[in-house]
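**Q** just coords:
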């Protein structure tokens with residue numbers, strides 16, 4: 001299987017979800033440095049982190065950077 005965006009999006013990356021001091025939810029993909037998103041609810045934070053993950057992978061693929069796997 002080619003290591004493209006769809007390959008990486010199917011891998012089981014660990015997503016950490018927590019509340020910040022303002023009560024918003026913060027989602028972080030532990031294996032991807034700087035891949036963080038916020039939301040007013042758990043669902044919004046999880047939706048936002050998926051979008052951020054796509055952007056993170058696209059940037060790495062375009063620039064030739066190594067993408068860590070879970």
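**A** Received, thanks. Keep in mind that this is a model prediction, so the values were computed, not measured.
**Q** which ones are touching the spatially most central residue of the chain?
**A** Central residue of the chain (Cα atoms, centre = their mean): residue 53, 3.4 Å from the mean position. With contact taken as Cβ atoms under 8 Å, 6 or more residues apart in numbering, residue 53 is in contact with 9, 13, 29, 32, 35. Any C-beta I mention is one placed from the backbone N, CA and C, and that applies to glycine too.
**Q** part of a strand, is it?
**A** No - using DSSP: H, G, I helix; E, B strand; the rest coil, the secondary structure at residue 53 is helix, not a strand.
**Q** now it: how far from residue 25?
**A** For residue 53, the distance to residue 25 (Cβ to Cβ, to the nearest Å) stands at 16 Å.
**Q** one step back: buried among the contacts of residue 53? Need that as a selection in ChimeraX.
**A** This is how ChimeraX selects the buried members of those, with burial counted by 16 or more other Cβ atoms under 10 Å:
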select :13,29,32,35
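**Q** closest one of the contacts of residue 53 to residue 70?
**A** For those, the residue nearest residue 70 by Cβ to Cβ is residue 13; the value is 5.1 Å.
**Q** the closest one contacts residue 30, correct?
**A** Yes - applying Cβ atoms under 8 Å, one finds residue 13 in contact with residue 30, separated by 7.3 Å.
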